[in-house]
Structure formats: structure tokens, C-alpha cells
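A.B. asks: sequence and predicted structure below; questions after.
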Amino acid sequence: MPVSSRRARSIAGALVLLTAILRSSSPARAAISPQAQAVVDRYVEATGGRAALDGETRTYARGRMETMDLKGSYEQWTEAPNRLASRIHLGSLRIRTGYDGRTGWETDLASKRVRILEGKELEQIESEAWFANEMWARDGQGGGKVQFGTASFRNGEVFSSLEITPPVGSPRRLVFSDKTGLIVRESMRADQHETDIWLSEYRTLGRRKRATLQDGLDQEFAFFYDDVPANRVRIDSLIANGPVDSATFAPPASQDDGVAWLGTPGLAHVPFRYGTRHVWIKVSINGLPPADFILDTGASGTAIDRDYANRIGLKHEGRFGIQGMGGGDEGAFTRVATLRVGGLKGGIAVADLKASIVNLGEGADQVTWRHMDGLLGADVLSRFAVEIDYDRQIVTFHDAKTFAYQGHGSALDLEFLSGIPIVHADVESGCGGRFLVDVGSGFGLLVHGSLVKQCRVFSKVEGRKQVKIMGGGIGSGFASWLCRLDTLGLGPFRIPEPIAGLSLSTHGMVGSEDYAGNLGNAVLERFTCTFDYANRKLWLEPAARFAQRDRYSRVGALFIRSQSRVTACAIVHGSPADDAGLKTDDEVLSIDGRPAARFTPEEMDRLFVNGEPGTTHTLTIAREGRTSTITLKLEDVI
């Protein structure tokens, strides 16, 4: 259930604004077209001339920022060709980020924990450092590529755009006014997300003319903000070529991780309930009675349901857009003094945690048949080595500093996206990619549209039974087509005939162009899984379910519960449910004479997912005020 509670997202958007205001190379790669060179030369002259730009090696800027309904301050340091650091204070948020030419990092000044960036996040901050130092406008273009885009006419003025590709990272489009020669708009795309920034109020700071006001908006979250910019940045002062300590750009040392062991130091065994293929674990917020959370490696940060947060009196701060599996939603921040997992004599506690407050949704409650009070995310989990034993229903938290794997499993290399673990997996004849490992997902194998298209999966499964279903997560629902693939490969393991959800969505994480898919609990439950965050390994040890063949509902229908009312949905055409005349929204009153509301989700699975083909069940249903009885005979639907 991947959640990029993009503090990451909105803060990153604000950082992009800042770097655009301020503007290891490889000259051999430099390329600029003559038409683009003319636009660049005009810009350089308009901002102070070639000598001023070439003579600017360092900057230090201070200003104000408004984002996520929060107001605060920022500082930013740059050093050519490729160093960047920033400090942001927004309400209770205290964020530092940096890139020293090799290593990208981020730290929360409250928790003092440093997160080293990698993969796409490292590419992004390296690209931002390159743009912040305006390498594209310098001689040789800093190893990048600058091409003329288009010319447009608006309100009596001509605008020219340049397509600028840095040595690392995604291209950006800069739009220049032919009248002034200055940049008026910057557009960028990261994965499938587009951000637009408008620059204005130019004035001379540090011997060069710079935009001192910038308004930006991530297009995916535009509907949250109406006509109000999602991010606004103002420069108040800037010093060019002043002294800058080189340590400013280097990652600081991590300090205390805020972990307390409530029993045996360095080891905590915490029971969980495995229901609807979710790991339900008890979590106590600020010393209050334990609540039902889902352990979610696919959430970058811990999230608390909005209704539950209101009931226990948590303070909401700010407003931001978050990215979930299906799309975007709105959230707020809150400060949690203590978060406890497990009992007072055998669990773990984390102090001074920044969490998100989000709407985890009535729809999720209907599917899980119980209320979800929160998600325990990577900001907590990554402080430990976390072993999940699905058979014994025990999560073991190990001290990350001293952990050494003692089991009999095999290790897969991990990389991370905002703390979310990622591994390589293969589907359909060796075609594969990077998959998010998502213990928060009750599904199994979900293949994103990028890999579905790249591997031509639909053409390979032509002729096989396919079932269209709706999935969901934070943000929105999304359609997937279920079918059986030949194999799923994870390191040395091969899982035959897995049921995969094939998505063509272009929104949310399922629309990602950078990541190939998700691995949820229907895959992970086959193993005892040990997430060794510090050593960047996922240990997989085959468990009781390892050889079990993937199953889908053998009646071809799903059942959801709202309060005490059970209804049918997702009726598969040609399935036993369809043949028996069951319809979407039919209320199920009883199953084999027992009131449907008295069943647990696990009991429903034992009947309709794990029941033997040929078994029959009698349902009493209500439709439009009339009751009737139907008989379902189980068979394999996929």
C-alpha cells in the first residue's frame, strides 16, 4: 500500500522551486543547437553577463516558503559544478537535504536520522544540483544537452522554450520571454508526475538578476489547491562567492535513533493477526490503548487514519498531497511523542515521530472487514531488522546495529525509494524490473503498466482466462486484469503460475514508469521474510505456503462488509456466482444457514477461496426488498 506521503513530494516540489530560483560535469557530452545557444546567450546577458555567471562559484540564499498550508523559512547553499544543500523550517518540520558531488542525503532535524538517497532519488538531487548551479548556461553546458523547443505567442509577447537534459536525471523545459530574455516558466517530469513553476519579480542579488518569487504546482495534486499555488518561494537575500564550509554539503552523522527496547535489549517478538492477507499489529500512540495498524513496508512513513487521529486528539499541521497506489489524496502532519509496538514488557518504542494524518478510507474497511487505525511505515521499520513469520504470526524486531542473519534463506539485494524496499523480479520469460516489496498489500503480484507494455504481457497471455477487477489504496481505485503468468522469479526462487494483476493505469504508483510492479503478501507469505534495512538485504526462507498454488475466489465474487451488512461485488462473468444469478450489491443474509455478518474474512476465504472444487454452498440474499436462495458450486475461476 504504497504511500509516498510525500512530505517527500511537497517538500521536494518546494526544493525544486528553490533551485530554479538560484540557478561532475562531462564536457565531452555537451551539446547545444545554434538556435538554443542564442536563447541561452540572451538569458546570460539579461541576468548580468557572461563574466558574472562564470565568476559565480558559490551562493548562499535565504528566504521564505509557503507550502502545504505551512509558512516557514529556508536556506540554500550551492557550489559549482554540482554541490547543493538546503535547510527548511516549516511548522514543526525541520528538513535538511544535500548533495556533495557523490552522495545525496536527507535528514529530519527533529529525529537526527540521516537517510542516504539512492536510485531515482539520488538522480533527482544530482539533477537539482546541476540546475541550481546553472550548468546548462555555462560553457560546455556542464555535460548536458540543450535543444530549442518551440516558440509561442501570448498576449502580444513571444516565448521560446528550451529542452534541457542534464547528465543525470530527467529533462526540463525552460520557457523564456523574448522581450526580457528571462525565464518565466519551468516544467519538469519525474516518473509520471509533472510540475510547473512560474518565475517572476526579478531583481539584482549577488551581482546578477534573479527571480525572487516562484509559484509551483504538482499537476497530480492540482485539484487540492484550486487556483492557489501549492508551493511559493521568495528570496530575501543572496550572497555570491562568500565562504561556505565544504562540510555543509556532506551528510551529517546520524544520532540516536530514538528506539527503546521494552523487554530484552535488541530483540522483541510481537504477535500479529494475519487477516485479509494483511499483517495487523497493535500500536499504541502517546501511551493510549493499542489500536489496529497494518504493518506496511510499502509506506514511506507512518500514517494515522484521520478519524482515529481526531478521536485521540492529535494536532493537524499543514496540508499536503500524498501519492498512493491509485492516485493522490490529501493529508496533514502530526507530531507523535511516543509510538509503541507490542506490549509494555516485550515490545519496542520510538520517540518523537513525525507521522501523516490521512483518510485510510471506508472502502478499505469494507474490504478488510475491520477498521484500520493506521499504517506502520518505513520511518519506524527501517530502524530495525524486521523478520515476518507468516506461519507463526510473529514479527521479530532486531537491533539493526548488531543483526546478523542466522536463518536458512537466500538474500536478495535491496534498494530503497523513500525507505520502501525494492528488489529485482522476473516475469514471463525473463522480462523483469524493479518491484516494490509491499507488506501492506493484500494482493500478490501486481505488474505496472510500464512493464506490461515493455514485455507485451497481454499478447503473451492471450487465450488465457482474464478477470477484470478493481484495486485500491490511498488516493483512488484502479483497474487490473487478473490472469496466470508462467512464472515469477525472485533470486533463486521460481513460483509457477502466479496470478498477476496487470495494470495499464497512468496514475499513482501503479502508473509508475520507473518501477515495474508490487510484490504483496500473496507472494511474501510463501516465505519467512527478513528485511535487513541496514545491510540492504531481503532474506527469503521458504515456509509452509511456499509450494501452494495461487488461488482466486472459487465462486468468482468478492464480499464486502459495511457495519453488519455483507454485500457481493466484483462478479466475474461466467463464474459460479454469475451462473447462480448473484448480482453486484446483493445483500448476503446467510451462508449455509449462518448469518453472513457473523463470518470472519478468514472463514470466508476458507469457504470460497480454499474450498475444494465441486463443493456447494447455499446463500440467502436480498435484492430490492425480496429474499431468495441460490446455490454456488465452487470451481477454479482463473
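C.D. replies: Great, that's in hand.
A.B. asks: domains in this protein, as residue ranges please.
C.D. replies: 8-248, 259-399, 410-542, 558-633 (automatic domain parsing).
A.B. asks: which residues touch residue 186?
C.D. replies: Residue 186 sits next to 20, 172, 173, 174, 175, 196, 197, 199 when contact means Cβ atoms under 8 Å, 6 or more residues apart in numbering. The way it works is simple: take the backbone N, C-alpha and C, and place the C-beta from them, glycine included.
A.B. asks: picking up where we left off before, among the domains of the chain, which is nearest residue 552?
C.D. replies: Across the domains of the chain, residue 552 has its closest neighbour in domain 410-542 (5.8 Å, Cβ to Cβ).
A.B. asks: excluding its backbone neighbours, what's nearest residue 267?
C.D. replies: residue 398 (6.2 Å; Cβ to Cβ, 6 or more residues apart in numbering).
A.B. asks: measure that neighbour to residue 178 for me?
C.D. replies: Look at residue 398 and residue 178: by Cβ to Cβ, to the nearest Å, they are 62 Å apart.
A.B. asks: out of those two, which sits in the busier spot?
C.D. replies: Neighbour comparison, residue 398 and residue 178: the larger count goes to residue 398, with 19 against 14 (by other Cβ atoms under 10 Å).
A.B. asks: which strand or helix spans that one?
C.D. replies: Assessed by DSSP states H and E, residue 398 sits inside strand 394-399.
A.B. asks: identify the residues contacting that strand?
C.D. replies: With Cβ under 8 Å, 6+ apart as the test, strand 394-399 has contacts from 261, 265-272, 279, 281, 295, 341, 348, 384-389.
A.B. asks: 6 Å instead, please
C.D. replies: 266, 268, 269, 270, 271, 272, 348, 384, 385, 387, 388 (Cβ atoms under 6 Å, 6 or more residues apart in numbering).
A.B. asks: helix or strand for the last one, which one?
C.D. replies: In this case it means residue 388. Using DSSP H and E, residue 388 falls in strand 384-389.
A.B. asks: what mean pLDDT does that strand get?
C.D. replies: Summarised as a single mean, pLDDT over strand 384-389 is 98.
A.B. asks: could you do stretch 431-442 as well?
C.D. replies: Here the average pLDDT along stretch 431-442 is 93.
A.B. asks: what do you get for stretch 213-220?
C.D. replies: Rounded mean pLDDT across stretch 213-220 is 74.
A.B. asks: which regions of the stretch 351-500 of the chain lie under the pLDDT threshold?
C.D. replies: Counting by pLDDT under 70, the ranges of the stretch 351-500 of the chain that qualify are 361-363, 429, 469-479.
A.B. asks: to clarify, my last question referred to the stretch 151-300 of the chain.
C.D. replies: Residue ranges of the stretch 151-300 of the chain with pLDDT under 70: 192, 218-230, 255-256.
A.B. asks: just the strands in it please.
C.D. replies: Ranges of strands within the stretch 151-300 of the chain are 157-165, 172-177, 183-190, 193-205, 208-218, 231-240, 259-261, 267-271, 273-275, 278-285, 291-295, based on DSSP state E, counting those that start in this stretch.
A.B. asks: JSON lines for these, including distance to residue 547?
C.D. replies: Output for those, formatted as JSON lines (distance: least, Cβ to Cβ, whole Å):
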{"stretch": "strand 157-165", "distance to residue 547": "48"}
{"stretch": "strand 172-177", "distance to residue 547": "50"}
{"stretch": "strand 183-190", "distance to residue 547": "41"}
{"stretch": "strand 193-205", "distance to residue 547": "40"}
{"stretch": "strand 208-218", "distance to residue 547": "45"}
{"stretch": "strand 231-240", "distance to residue 547": "51"}
{"stretch": "strand 259-261", "distance to residue 547": "37"}
{"stretch": "strand 267-271", "distance to residue 547": "26"}
{"stretch": "strand 273-275", "distance to residue 547": "19"}
{"stretch": "strand 278-285", "distance to residue 547": "22"}
{"stretch": "strand 291-295", "distance to residue 547": "25"}
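A.B. asks: for residue 402, find the nearest of those.
C.D. replies: Of these, nearest to residue 402 by Cβ to Cβ is strand 267-271, at 9.8 Å.
A.B. asks: run the chain-centre distance for that closest one.
C.D. replies: Chain-centre distance of strand 267-271: 27 Å, with Cα atoms, centre = their mean, to the nearest Å.
A.B. asks: return the list of strands paired to it, each annotated with direction.
C.D. replies: strand 394-399 (antiparallel) (DSSP bridges).
A.B. asks: dump the strand it pairs with to PDB, keeping only the CA atoms.
C.D. replies: Below are the C-alpha coordinates for strand 394-399, written out as PDB (Å, rounded to 0.1, in the frame of the first residue of the first chain):
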ATOM      1  CA  ILE A 394       5.200 -13.200  14.800                       C
ATOM      2  CA  VAL A 395       7.100 -10.100  13.900                       C
ATOM      3  CA  THR A 396      10.600 -10.000  15.400                       C
ATOM      4  CA  PHE A 397      12.400  -6.700  15.700                       C
ATOM      5  CA  HIS A 398      16.200  -7.000  15.800                       C
ATOM      6  CA  ASP A 399      18.800  -4.300  16.700                       C
END
